[in-house]
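> Sequence first, predicted model second:
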Amino acid sequence: MPLLYLCNIKSNEIYNLKNKTIMKALVLSVVFALTAVVNAVSGNSIKDFAYNSEKQENGVETQTVYKVKEGKYLERHLQYNYTRDEKGRVSAKEILKWNQDNSRFENQYCLNFSYTDNEVSVEYVAWNSKAGDYTNVKAKAVYQTNENGMNYMAYNRNEKGNL
């Protein structure tokens with residue numbers, strides 16, 4: 001008796017599964033090809049930036065982004081500070097921008113991530129220079145997985161300060 005019948009799978013189901021897999025691979029290939037073409041045409045080049053990552057003693061991972069000038073000079077541009085939870089997932093991503101005038105990185109915004117079994121929430125919080133903290137919540141995105149796939153919900157803060 002063939003293995004297919006032992007597993008109670010019909011040959012046309014396997015054929016359909018193969019077709020779906022081939023179709024997914026084809027769609028992904030087209031997406032990657034189009035992305036490469038768009039990046040080439042628009043002038044986006046990974047050569048325009050250089051990255052340096054460091055792990056701090058407190059567990060924060062810092063990535064510094066440099067602009068590459070004339071193909072050989074590095075100019076500070078951005079700094080990302082990643083904080084991770086006990087499961088190793090990113091819990092916060094702080095973005096700082098280089099200020100040429102005072103020669104230091106200045107806080108811009110922070111992305112706070114929270115996780116549940118079927119949901120990931122991302123909160124966009126702007127730096128409040130008067131308070132000296134990330135207190136100005138600008139937006140929130142929620143990604144939920146369920147039996148039908150994934151749902152995406154986005155919230156923006158209105159003028160009254162409500163999401």
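Sure thing, it's come through.

> Would you mind listing the outside residues contacting whichever strand in the chain runs longest?
Criterion DSSP state E: the longest strand present in the chain is strand 133-146. With CB atoms under 8 Å, 6 or more residues apart in numbering as the test, strand 133-146 has contacts from 94, 107, 109-110, 118-128, 150-157, 163. Glycine gets a C-beta too; all of them are placed from N, C-alpha and C.

> Okay, and E106 sits in which element?
E106 belongs to strand 104-115 when assigned by DSSP states H and E.

> name the helices or strands packed onto that strand?
Applying 3 or more CB pairs under 8 Å, 6 or more residues apart in numbering; DSSP states H and E, one finds that strand 104-115 makes contact with strand 90-99, strand 119-128, strand 133-146.

> make it 7 Å
strand 90-99, strand 119-128 (3 or more CB pairs under 7 Å, 6 or more residues apart in numbering; DSSP states H and E).

> what angle sits between that strand and strand 133-146?
30 degrees (axes from the mean of the first three to the mean of the last three CA atoms, to 10 degrees).

> what is the mean pLDDT for strand 104-115?
For strand 104-115, mean pLDDT rounds to 95.

> same thing with stretch 78-87?
Averaged across stretch 78-87, the pLDDT comes to 92.

> Show the low-confidence segments of the chain, by residue range.
1-46, 159-163 (pLDDT under 70).

> repeat that for 90
Within the chain, the segments meeting pLDDT under 90 span 1-49, 55-60, 70-72, 86-88, 117, 135-137, 145-151, 157-163.
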